[in-house]
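**Q** curious how this folds, go ahead:
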Amino acid sequence: MKIALYARVSSAQQAQTQTIEEQLYRLQTYCRNQPWSEQDLLTFLDNGYSGASLKRPGLDRLRDAVARAEIDQILLTEPSRLARNYVHQSLLLEEFQGMGCQVIFLDRPMSQDPHDQLLLQIRGAVAEYERTLIAERMRRGRQQKLRAGAMSPCAHPPYGYRSDPDHPRNPQKWRLEETEAAHVAFLFDSYLQLGQSLSGVAKQLMHLGVKTPAGGKIWHPSSLRQLLINPTYTGTLYANREHVTQARRRRSPLQPVGQSESSVPTSPTDWIVVCQVPMIVSQERFEQVQAKLRENASLAGRNNTAHPYLLKSLVSCGLCRGACVGVTRGTHAYYLCHGKWHPIHTHQEERCRSRYIPVGQLDDLVWRDLCQLISDPTHLAQALQRAQAGDWLPQEMQARQEQHHKALAALTAQMERRTFAYLAGVFPMEEYRRRRQELEQRLAALDQQNRLLQAQIHQQMEISGMCEALTAFCQRIQAGLAEATFEQKRQLVELLIDRVIVTMNEVEIRYVIPTSPRSERIRFCHLHTDYFHADLIGLNMHQVQLLLFHQFLVHLLTMDSRSIAPVRDGSFI
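**A** Okay, the predicted model is just below:
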């Protein structure tokens, strides 16, 4: 029997005050009084993770272990350690119980008695109410301090200002840092010059040797834009200029995921006036800069659709892992690695040594391979089986299942015969207990093996269903491949290709194939595990996770099986 010990604290400060060690000590003390060995105990911890979210690494590992039938019981000190939200508590308890895993809370052991279940629901609702009440009080208290000018909306003053060492969070005591304030004024004036851009200003500052706010040498256009749109330089400090929302896209398909949240601007009508600060730029000058920023954004290269690129925003460099963009120079069109740009854009002193990628050659190559893949979907089914280690045969599973049923029936019959023998006085009570304990251990081992087998059967059924869905999808779109227009090709490429990675003279295509009719309308980048698509709102958490897992699974199996290198020496410029 495997026992899982789960402990959680909500903040890093709590993790440092030994509260998680106290939870573990209570759990381990309880285990010492049980007939369990140290080898039977598995520990899952979440240090500094809020109970309001289900996205916790320790909890994810615990749920995966339960799904693999590796855990028989889960021990926690109290229900709030599992989740603060009652809905999350119910979801997890139902999931664990459905897998045959028992959950035990030390503070109040729960049973199926209606009174215990009611108490669990009440405690979960109270914990959720308490968390919401604390968060709302903190939010309102912070807003009151901001409106009174007694608190700064940012941890550090903007570039060009300095805080009072004795009152670091009081914005009314901010003062100008004359050198940086002069640089800010120069930044606004330089950008308003005719024909000037953010990149041009960044290069100019680097040429003059002006240090960045962090003390670096390379200015980034996006950092300059954040300075130019900051209304604090007009003499008024505002709060609530941005709010956090769920991220909608991946920052880089070939880099770590990073944060799953992003900041978006708030309407100026919702800004909170904190206080007045020393002015660096006049209001008129500031408005002129905002107008030019909007004009330059509308003329940016990313908004230029004069030249069609089939693989636009889908090509990455295999050397520096950066994205490639389409550029047209005269009559020649290329996909150019972002790492070959100026250091103000790449933050790297050395430029990438990748080659220019001819658009026509790469587009034709990828489209031919896509058509070949759709025309013969057996490769997808084989790759899916390999990814799931699914070389199982259904008849073997049926034979194993039948064998388990026979073994279970035999052990049950032995248990009954020995009970009858004891009642008939064939052997004493101690001998009956010893023999019954041996049979119970064998039954427990057999039950665990049966749970593993059922999980494999369920997995095999999912694979079969996905293979049928993949084949049906390929058959539906085969007919129109030959006569597809550029717009139709582009739509298909966006749906079926997650990334095309070019490493010198080798090309790797990472496909992602829809596994359901609904997912045929959603791009894979919107189904990443750290981001959620608007179409998924309304599904419960378990359904969302299943859908994301299926999509990501197909992505993994295809990225390993479709690496091609048909373009060789001399084909690239």
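**Q** and the residue lying farthest from the centre of the chain, which of the three is it?
**A** Centroid-distance maximum for the chain: Gly425 at 64.0 Å, with Cα atoms, centre = their mean. Counting by DSSP: H, G, I helix; E, B strand; the rest coil, the backbone at Gly425 sits in coil.
**Q** and if you look at Leu373?
**A** Following three-state DSSP, we place Leu373 in the helix state.
**Q** now it: how far from Asp364?
**A** Leu373 sits at a distance of 15 Å from Asp364 (criterion: Cβ to Cβ, to the nearest Å). The way it works is simple: take the backbone N, C-alpha and C, and place the C-beta from them, glycine included.
**Q** neighbour-wise, which of these two wins?
**A** Leu373 (19 against 12; other Cβ atoms under 10 Å).
**Q** my guess is that one meets Ile497, correct?
**A** No: counting by Cβ atoms under 8 Å, Leu373 does not reach Ile497; the two are 10.1 Å apart.
**Q** and Leu194, how many neighbours?
**A** 4.
**Q** could you measure from it over to Ala291?
**A** Taking Cβ to Cβ as the measure, Leu194 falls 14 Å from Ala291.
**Q** and for Pro278?
**A** Using Cβ to Cβ, Pro278 is found at 25 Å from Ala291.
**Q** and the helix or strand containing Leu492, which residues are buried?
**A** Per DSSP states H and E, Leu492 falls inside helix 486-496. For helix 486-496, burial by neighbour count (16 or more other Cβ atoms under 10 Å) applies to Lys489, Arg490, Leu492, Val493, Glu494, Leu495, Leu496.
**Q** neighbouring contacts of it?
**A** 308, 310-312, 314, 366-367, 370, 374, 477, 480, 484, 511-514, 520, 523 (Cβ atoms under 8 Å, 6 or more residues apart in numbering).
**Q** ok so, going back, including pLDDT and distance to Glu22, could the buried residues of helix 486-496 go into CSV?
**A** CSV is the format used below for the buried residues of helix 486-496 (pLDDT from 0 to 100; distance: Cβ to Cβ, whole Å):
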residue, pLDDT, distance to Glu22
Lys489, 87, 61
Arg490, 86, 58
Leu492, 84, 57
Val493, 84, 55
Glu494, 82, 52
Leu495, 80, 51
Leu496, 81, 52
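**Q** what's the closest of these to Leu439?
**A** Of all those, Leu439 sits closest to Leu496, with 55.1 Å by Cβ to Cβ.
**Q** state the distance from the closest one to Gln372.
**A** 12 Å.
**Q** per-domain residue ranges of this protein.
**A** Using automatic domain parsing, the domain ranges for the chain come out as 3-143, 161-303, 390-472.
**Q** now do the first one: distance to the chain's middle.
**A** Its chain's C-alpha centre lies 22 Å from the corresponding centre of domain 3-143 when counted by Cα atoms, centre = their mean, to the nearest Å.
**Q** re the thing from before, and the domains of the chain, which one is worst for confidence?
**A** The minimum mean pLDDT among the domains of the chain belongs to domain 390-472 (a mean of 68).
**Q** and the residue nearest to His338 when sequence neighbours are not counted, backbone torsions?
**A** Nearest residue to His338 in three dimensions, chain neighbours excluded: Gly322, at 4.2 Å (Cβ to Cβ, 6 or more residues apart in numbering). When read as degrees, to the nearest 10, the backbone of Gly322 gives phi -90, psi 170.
**Q** what's the burial count for Gly322?
**A** Gly322, neighbours per other Cβ under 10 Å, totals 22.
**Q** hang on, it packs against Leu336?
**A** No: judged on Cβ under 8 Å, Gly322 makes no contact with Leu336 at a distance of 10.4 Å.
**Q** can you pull out the strands in the stretch 1-150 of the chain?
**A** Along the stretch 1-150 of the chain, counting by DSSP state E, counting those that start in this stretch, strands occupy 3-8, 41-46, 73-76, 102-105.
**Q** over to the stretch 201-350 of the chain?
**A** Counting by DSSP E, counting those that start in this stretch, the strands of the stretch 201-350 of the chain are 236-239, 242-246, 261-265, 272-276, 315-317, 324-329, 332-337.
**Q** so which bits of the fourth one are buried?
**A** Same thing as strand 272-276. Val274, Cys275.
**Q** now swap in the last one and tell me
**A** Residues of strand 332-337 classed as buried under the neighbour-count rule (16+ other Cβ under 10 Å) are Ala333, Tyr334, Tyr335, Leu336, Cys337.
**Q** same thing with the first one?
**A** Applying a neighbour-count criterion of 16+ other Cβ under 10 Å, one finds Leu237, Tyr238, Ala239 buried in strand 236-239.
**Q** and the first one, what does it touch?
**A** Shown in contact with Leu237 (Cβ under 8 Å, 6+ apart): Ser152, Pro153, Pro171, Val273, Val274, Cys275, Gln276, Val277.
**Q** okay if I get the strands of the stretch 201-350 of the chain as TSV plus distance to Leu76?
**A** Formatted as TSV, these follow (distance: least, Cβ to Cβ, whole Å):
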stretch	distance to Leu76
strand 236-239	39
strand 242-246	29
strand 261-265	28
strand 272-276	41
strand 315-317	43
strand 324-329	49
strand 332-337	50
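**Q** nearest to Glu287, out of those?
**A** strand 236-239 (13.7 Å).
**Q** chain center to the closest one, what's the gap?
**A** So, by Cα atoms, centre = their mean, the centroid of strand 236-239 is 33 Å from its chain's centroid.
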